[in-house]
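Novice: Sequence and predicted model, in that order:
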There are 2 protein chains.
Amino acid sequence: MRRIVLTGATGFVGTHAIPALQARGYEVHALGRQAPSRAIAFHQVDLLDAKAVRSAMRAIGASHLLHLAWYAEPGQYWRAPANLDWVAGTLALIRAFREAGGTRAVVAGTCAEYAWGPERLHEDGRCAPATLYGAAKDGTQRILAAYARETGLSFAWGRLFFLYGPGEKSGRLVSDAFRLLASGERFATSQGHQRRDFSHVMDVAAAFAALIDTKVTGSVNIGSGKAVPVRSILERIGQLTGRPGSIDFGARQLSESEPTCIEADVARLRDEVGFHPSYDLDSGLTHTHAALTSTQ
Amino acid sequence: MRRIVLTGATGFVGTHAIPALQARGYEVHALGRQAPSRAIAFHQVDLLDAKAVRSAMRAIGASHLLHLAWYAEPGQYWRAPANLDWVAGTLALIRAFREAGGTRAVVAGTCAEYAWGPERLHEDGRCAPATLYGAAKDGTQRILAAYARETGLSFAWGRLFFLYGPGEKSGRLVSDAFRLLASGERFATSQGHQRRDFSHVMDVAAAFAALIDTKVTGSVNIGSGKAVPVRSILERIGQLTGRPGSIDFGARQLSESEPTCIEADVARLRDEVGFHPSYDLDSGLTHTHAALTSTQ
């Protein structure tokens, strides 16, 4: 049996990654401060404590690593100095994994590494992050790619685009829209003409599980490949919640730094990893609405 | 009086940086494991211990920081995993400095960050490091530039080219050539047609002191601006030591990964920093020879 270390196992993607990895036959070992709700092996460790991470990696002896954890406080993570701690923690984690005999690692990156422009974003495109978060991820990827070349580690970097789905924290677009509209409040937003590439979180988790299960190396976009106007997503949420008139488009000004379009080129994910999503935006939002309703 | 923290104060460049900083009116505080031989303020700290670095930075309360320390074992540093520790240590150091009220920081980078090619290397040129060392420095620079933008830190990154001069460790070209020829041994080397940009270490130290004393931000090449064939350097060392016939050119094969030319564009250093070197290659090697002879 192949043994995998999973970080961020209690997070938005990580929660869904557990069953996706188990379905592929991995014995999942969660590493972090907080125990996942699912009954899997759990090793309580502060991921920013390099010494503790080294001990845990030696004790686990995993062949695979999926590293999803990072500082992710909504509204804060773009600019927080804590991003620097997560660079350091990530480098130490990968090194500890490799030195304990690990052979294949996948780490979560972000579309915020790219120089955002109107064109579809390809993995070989220019990286010029506009934010500290994007720069921290970009720098980490560059260093880890060189470390992997040097040590023979099989290493891939999955660049996340936009997500939604059950378990999303508040302070994010889709979760806030569902929550406010369902509770009878109005939802103030921009005109919503900007186009974004959104995926259902279970597809994202499945894509990471598929990626770790290949020999594909380097950066791989994890997105839908099709950006849609944010407005159309919100209109669909309005329909699903029965409150289409409660969304105030244009009540907020879109920041000038927001690009008109962020869209993933998913040729690598589709053709090299062989991954195909289960949800399109319509079925994914319907599923999310049903999941939210059933847990209330 | 302006107070500066200096790391790497016992290193090749750092040793010479102390008087160069003092000459500009800085009160120099060395930070590191080993006390410098000069009588300056010294704070004994493991630079890879983030907690200890934070305490020291708060105690010192410096306005300026010149960070030269890095893993630098000759023959090892290009490929060593220890480069990852120095990324982490450098990020924590800069953050501790900024959070203790520091305003201006300069960090040592390297020409190994660039995609080496036959053209003169300009700061805006493409970075595509061929080594783990280069990638670690490049990634660090990218992350720190974003951190500096975010926090208002005035930040410059001095990219070192090739060095020689008094105090150079063995295992490096010029120091080994002087040492072996002076002790009566032969010096085995390549044909030496590859061109490299060499500076005297005292000029490099003075350039760092000049750079910290400006408001120039971003990357700045610290080199001579004129690459010369390695052969001509060794021939000059042969003359100075009186043993021109003891150099075996062609006895070693140059690695195929070695580019034909590595030369700095020094327009920023000359025009924006206003720095002009004191030594050309001839006077610099003569000075180095005299210094080595007087200490024997």
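Specialist: All right, it came through fine.
Novice: dump the residue contacts of the closest residue to residue A:272 other than its chain neighbours.
Specialist: Using Cβ to Cβ, 6 or more residues apart in numbering or on different chains and skipping residues adjacent in sequence, the residue nearest residue A:272 is residue A:216, 5.0 Å away. In this view, the C-beta of every residue, glycine as well, is placed from N, C-alpha and C. Contact analysis of residue A:216 by Cβ atoms under 8 Å, 6 or more residues apart in numbering or on different chains lists A:156, A:268, A:272-273.
Novice: Isn't residue A:28 up against residue A:2?
Specialist: No. With contact defined as Cβ atoms under 8 Å, residue A:28 does not count as touching residue A:2 (10.1 Å).
Novice: The two: who's more crowded?
Specialist: Taking neighbours as other Cβ atoms under 10 Å in any protein chain shown, residue A:28 and residue A:2 compare with residue A:28 leading, 24 against 15.
Novice: Am I right that that one sits in a helix?
Specialist: No. With DSSP: H, G, I helix; E, B strand; the rest coil as the criterion, residue A:28 is located in strand rather than a helix.
Novice: for it, which residues make a bridge with it?
Specialist: Residues found in beta-bridge contact with residue A:28 (criterion: DSSP bridges) are residue A:4.
Novice: Can I get the buried part of the contacts of residue A:216 as one ChimeraX selection?
Specialist: Command for ChimeraX, covering only those of these found buried under the criterion 16 or more other Cβ atoms under 10 Å in any protein chain shown:
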select /A:156,268,272,273
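Novice: part of a helix, is the residue nearest to residue A:272?
Specialist: No. Judged by three-state DSSP, residue A:216 forms no part of a helix; its state is coil.
Novice: Now do the longest helix seen in chain A against helix B:132-151, angle only.
Specialist: In chain A, taking DSSP state H as the definition, the longest helix is helix A:132-151. For the pair helix A:132-151 and helix B:132-151, the angle between their directions (axes from the mean of the first three to the mean of the last three Cα atoms, to 10 degrees) equals 170 degrees.
Novice: in helix A:132-151, what counts as buried?
Specialist: Under the neighbour-count rule (16+ other Cβ under 10 Å), helix A:132-151 has A:132-150 buried.
Novice: Quick one: check it for contact with chain B.
Specialist: Yes. Using Cβ under 8 Å from any Cβ of the partner chain, we find that helix A:132-151 touches chain B at A:132, A:134-136, A:138-140, A:142-143, A:145-147, A:149-151.
Novice: Export the contacts of residue A:216 to CSV and append columns for secondary structure and distance to residue A:255.
Specialist: Shown next, in CSV, are the contacts of residue A:216 (DSSP: H, G, I helix; E, B strand; the rest coil; distance: Cβ to Cβ, whole Å):
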residue, secondary structure, distance to residue A:255
A:156, strand, 32
A:268, helix, 30
A:272, helix, 35
A:273, coil, 33
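Novice: Name the residues that touch the host helix or strand of residue A:43?
Specialist: Element membership of residue A:43 [criterion: DSSP states H and E] is strand A:41-44. Strand A:41-44 is contacted by residues A:9, A:27-33, A:35-36, A:56, A:59-60 when judged by Cβ under 8 Å, 6+ apart.
Novice: List just the nearest of these to residue A:46.
Specialist: When the contacts of strand A:41-44 are compared for distance to residue A:46 (Cβ to Cβ), residue A:33 comes out closest, at 5.9 Å.
Novice: Please list the residues of chain A that sit near chain B.
Specialist: Chain A comes close to chain B at residues A:50, A:79, A:81, A:83-85, A:87-88, A:91-92, A:95, A:99, A:129, A:131-132, A:134-136, A:138-140, A:142-143, A:145-147, A:149-151, as judged by Cβ under 8 Å from any Cβ.
Novice: Name the residue closest to the centre of chain A, please.
Specialist: residue A:160 (4.8 Å; Cα atoms, centre = their mean).
Novice: quick one, what contacts that residue?
Specialist: The neighbours of residue A:160, taking Cβ under 8 Å, 6+ apart as the test, are A:13, A:108-111, A:204, A:222-223.
Novice: Surely residue A:203 is in contact with residue A:280?
Specialist: No. Using Cβ under 8 Å, residue A:203 and residue A:280 do not qualify as a contacting pair, with a distance of 9.7 Å.
Novice: ok, back up a step: got a markdown table for the contacts of residue A:216, with pLDDT too?
Specialist: Rendered in a markdown table, the data for the contacts of residue A:216 read as follows (pLDDT from 0 to 100):
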| residue | pLDDT |
| --- | --- |
| A:156 | 98 |
| A:268 | 98 |
| A:272 | 98 |
| A:273 | 98 |
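Novice: got the contacts of residue A:216 as a markdown table, with distance to residue B:288 columns?
Specialist: Below are the contacts of residue A:216 laid out as a markdown table (distance: Cβ to Cβ, whole Å):
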| residue | distance to residue B:288 |
| --- | --- |
| A:156 | 48 |
| A:268 | 52 |
| A:272 | 53 |
| A:273 | 56 |
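Novice: show me the contacts for residue A:36.
Specialist: Contacts for residue A:36 (Cβ under 8 Å, 6+ apart) come out as A:9-10, A:14-15, A:18, A:30, A:42.
Novice: for it, helix, strand, or coil?
Specialist: Applying three-state DSSP to residue A:36 yields a three-state assignment of coil.
Novice: where does it fall, phi/psi-wise?
Specialist: Backbone torsions of residue A:36, given as degrees, to the nearest 10, read phi -70, psi 160.
Novice: What sits closest to it if chain neighbours are left out?
Specialist: With sequence-adjacent residues excluded and distances taken as Cβ to Cβ, 6+ apart, residue A:36 is closest to residue A:9, at 4.5 Å.
Novice: do residue A:126 as well
Specialist: Using Cβ to Cβ, 6+ apart, the nearest residue to residue A:126 is residue A:115, at 4.6 Å.
Novice: Which residues are in contact with the one you found?
Specialist: Shown in contact with residue A:115 (Cβ under 8 Å, 6+ apart): A:125-128.
Novice: how close does it sit to chain B?
Specialist: Computed with Cβ to the nearest Cβ, to the nearest Å, the distance linking residue A:115 and chain B is 13 Å.
Novice: Same list, the contacts of residue A:36, but as JSON lines with pLDDT and neighbour count please.
Specialist: Rendered in JSON lines, the data for the contacts of residue A:36 read as follows (pLDDT from 0 to 100; neighbours: other Cβ atoms under 10 Å in any protein chain shown):
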{"residue": "A:9", "pLDDT": "97", "neighbour count": "27"}
{"residue": "A:10", "pLDDT": "97", "neighbour count": "19"}
{"residue": "A:14", "pLDDT": "98", "neighbour count": "26"}
{"residue": "A:15", "pLDDT": "96", "neighbour count": "21"}
{"residue": "A:18", "pLDDT": "98", "neighbour count": "21"}
{"residue": "A:30", "pLDDT": "98", "neighbour count": "24"}
{"residue": "A:42", "pLDDT": "98", "neighbour count": "18"}
